[in-house]
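Engineer: Give me the fold of what follows.
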Amino acid sequence: MPRHFLEVDDLEPHELVEVLDLANDPDPPEVLDGRGAALYFEKPSNRTRNSMEMAVHQLGGHPVYVRDEEVGIDTRETAEDVVRTFASYHAVVAARVFAHSVLERMAAVSPVPVVNLLSDDAHPMQALADLLTIRSELGGLKGRCVAFVGDANNVWRSLAIGCAMSGAEVRLACPPGYAPSAANIDRVRLHGTVPLVVHRPVEAVDGADVVYTDVWASMGQEDEASNRRRAFEGFTIDAELVDHLAPTGIVLHCLPAHRGEEITAEVLEGERSRVWSQAANRMNAARGLLAWLLQR
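Structural biologist: Numbering: from 1, shown residues only. Have a look, this model is predicted:
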């Protein structure tokens with residue numbers, strides 16, 4: 001049976017370490033030599049497409065980028081039929097979708113690994129890059145404190161799960177009404193960490209090793225943008241807030257960034273920022289995961 005990757009904890013903690021180790025391998029195994037990878041996108045993306053295509057290439061494979069209008073999931077063909085067709089030609093299927101249930105349906109019938117490139121529930125590929133960046137910049141994850149300032153969205157959930165699996169403390173500062181669901185808190189708690197949820201950014205950031213943020217209105221939430229800007233007033237990562245980090249603390253952002261909203265240009269481009277290393281690690285993390293999945 002293939003191993004799928006729909007959320008970070010589809011890996012065991014020791015397997016997560018193996019994936020991160022493979023991500024740093026300067027001479028990765030060409031596990032895709034002569035084979036293809038289907039990259040299905042319901043949502044466009046800069047980092048996800050480029051990182052995945054290059055990771056597949058570095059593993060000796062051929063990436064095929066597929067947009068939704070080409071296959072029409074549940075309009076022209078069911079998700080199950082689409083993934084079975086992809087699997088007829090490709091060694092792995094990776095999908096960036098709106099509804100997480102589409103990935104679950106694909107994984108239920110696919111004879112090859114299915115990888116979540118983003119869904120409304122989770123963004124595990126981003127979390128792998130985040131964990132890889134923290135480990136590389138700070139020398140490890142265990143005992144570190146990661147503070148997220150913003151919406152308890154899919155990025156937060158996957159990051160929190162990955163941090164908990166790695167022995168890191170998780171904090172979240174968000175406005176009332178934007179806290180994690182009880183189910184997502186329980187999902188993190190399963191891995192031995194109870195997230196601290198507060199409503200003042202400085203409480204989350206004080207003494208932390210990492211401060212992380214994301215856009216206030218994600219793709220598909222454009223109608224909520226004005227309300228969210230009002231709700232998140234005071235949650236901008238600025239120089240004053242960064243001063244509350246530990247002396248070696250770093251700033252992360254999964255991008256794209258809205259300078260002046262969730263983060264200031266000064267911080268994004270500042271000496272504590274590691275957002276470009278983090279972006280580069282999207283490719284390295286993808287390469288590590290694919291190598292791990294396909295050499296099994």
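Engineer: May I have the phi/psi pair for residue 212?
Structural biologist: Here the main-chain torsion angles of residue 212 (degrees, to the nearest 10) amount to phi -130, psi 140.
Engineer: got the contact list for it?
Structural biologist: 130, 146-149, 159, 251-254 (CB atoms under 8 Å, 6 or more residues apart in numbering). Bear in mind the C-beta positions are built from the backbone N, C-alpha and C, glycine included.
Engineer: can you check residue 196 too?
Structural biologist: For residue 196, the contacting residues are 169-172, 204, by CB under 8 Å, 6+ apart.
Engineer: Excluding its own residues, what touches the helix or strand of the chain with the lowest mean pLDDT? List them.
Structural biologist: In the chain, the helix or strand scored least confidently by mean pLDDT, DSSP states H and E is helix 225-231, which has a mean of 91. Outside of helix 225-231, the residues within contact range by CB under 8 Å, 6+ apart are 151, 175, 177-178, 216-217, 221, 261.
Engineer: ok, back up a step: from the contacts of residue 196, which ones fall inside strands?
Structural biologist: 169-172 (DSSP state E).
Engineer: related to what we said a few turns ago, and the two most separated of the contacts of helix 225-231?
Structural biologist: The span of the contacts of helix 225-231, defined through CB to CB, is set by 177 and 261 at 18.0 Å.
Engineer: My reading is that residue 147 lies in a strand. Confirm?
Structural biologist: Yes. Secondary structure assignment places residue 147 in a strand (DSSP: H, G, I helix; E, B strand; the rest coil).
Engineer: tell me the domain ranges of this protein?
Structural biologist: Residue ranges for the domains of the chain, per automatic domain parsing: 8-123+280-294, 124-275.
Engineer: quick one: which of these is nearest residue 1?
Structural biologist: Proximity of the domains of the chain to residue 1 was assessed by CB to CB; the nearest stretch is domain 8-123+280-294, lying at 8.8 Å.
Engineer: Might you list the low-confidence residue ranges for the protein?
Structural biologist: Screening the chain residue by residue with the criterion pLDDT under 70, one finds the ranges 219-220.
Engineer: which helix of it spans the most residues?
Structural biologist: helix 275-294 (DSSP state H).
Engineer: circling back to that earlier point, now render the domains of the chain as a markdown table, adding distance to residue 1.
Structural biologist: Written out in a markdown table, the entries for these read as follows (distance: least, CB to CB, whole Å):
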| stretch | distance to residue 1 |
| --- | --- |
| domain 8-123+280-294 | 9 |
| domain 124-275 | 19 |
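Engineer: ok, so of the contacts of residue 196, who is nearest residue 188?
Structural biologist: Nearest member of the contacts of residue 196 to residue 188, counting by CB to CB, is residue 170, at 6.5 Å.
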